[in-house]
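A.B. asks: have a look; sequence and predicted model below, questions after that.
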Amino acid sequence: NAGMSTSLLVQKMQKEVESRGLDVEIEARPMNEARDHLAGVDILLLGPQIGYAKADFEKDVNGAIPVEVIPMTDYGRMNAKGIIDNALAKVGQ
């Protein structure tokens with residue numbers, strides 16, 4: 001839902017991809033806006049607080065991209081490295 005904790009996590013994730021020299025763009029959007037911003041997206045990561053919406057988003061993307069829920073432990077610990085590692089594995093990078 002793009003709250004403060006999500007914003008902090010996105011900042012950490014951006015620093016992580018920059019430190020690796022990856023050409024990756026990370027955006028956080030409120031759930032009600034996310035569907036309007038799926039064009040050009042390689043993976044959709046949902047915060048655990050909206051994990052219940054995974055099936056709906058999977059219908060929206062119709063198999064075009066992976067839809068994953070960030071594990072609560074990674075989210076809570078702001079484990080940007082682990083989240084990036086998992087996302088890259090899902091998109092085959």
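C.D. replies: Happy to help now that I have it.
A.B. asks: rest of the way, CA atoms for contacts and neighbours
C.D. replies: OK.
A.B. asks: tell me how far the helix or strand of the chain with the lowest mean pLDDT lies from the chain's centre.
C.D. replies: One helix or strand of the chain scores below all others by mean pLDDT, DSSP states H and E: helix 31-34, with a mean of 88. Centroid separation for helix 31-34 versus its chain: 13 Å, with C-alpha atoms, centre = their mean, to the nearest Å.
A.B. asks: which is the next helix or strand following it?
C.D. replies: Going down the chain from helix 31-34, the next helix or strand is strand 44-46, by DSSP states H and E.
A.B. asks: check contacts around the residue nearest to residue 66 when sequence neighbours are not counted.
C.D. replies: Closest residue in space to residue 66, ignoring its immediate chain neighbours: residue 43 at 5.1 Å, by C-alpha to C-alpha, 6 or more residues apart in numbering. Residues near residue 43 by C-alpha atoms under 8 Å, 6 or more residues apart in numbering: 65, 66, 67, 68, 87, 90, 91.
A.B. asks: make it 10 Å
C.D. replies: By C-alpha atoms under 10 Å, 6 or more residues apart in numbering, residue 43 lies in contact with 61, 64, 65, 66, 67, 68, 87, 88, 90, 91.
A.B. asks: now the strands for this structure?
C.D. replies: 44-46, 67-69 (DSSP state E).
A.B. asks: what's next to the least confident helix or strand of the chain, contact-wise?
C.D. replies: Contacts for helix 31-34 (C-alpha under 10 Å, 6+ apart): 1, 2, 27, 28, 44, 46, 47, 50, 53, 57.
A.B. asks: out of these, who's nearest residue 14?
C.D. replies: Within those, the smallest distance to residue 14 is 9.2 Å, found for residue 27 (C-alpha to C-alpha).
A.B. asks: pull the number of nearby residues for the residue lying closest to the closest one once chain neighbours are set aside.
C.D. replies: Excluding the flanking residues, the one nearest residue 27 by C-alpha to C-alpha, 6+ apart is residue 10, at 7.1 Å. Using other C-alpha atoms under 10 Å, residue 10 has 18 other residues around it.
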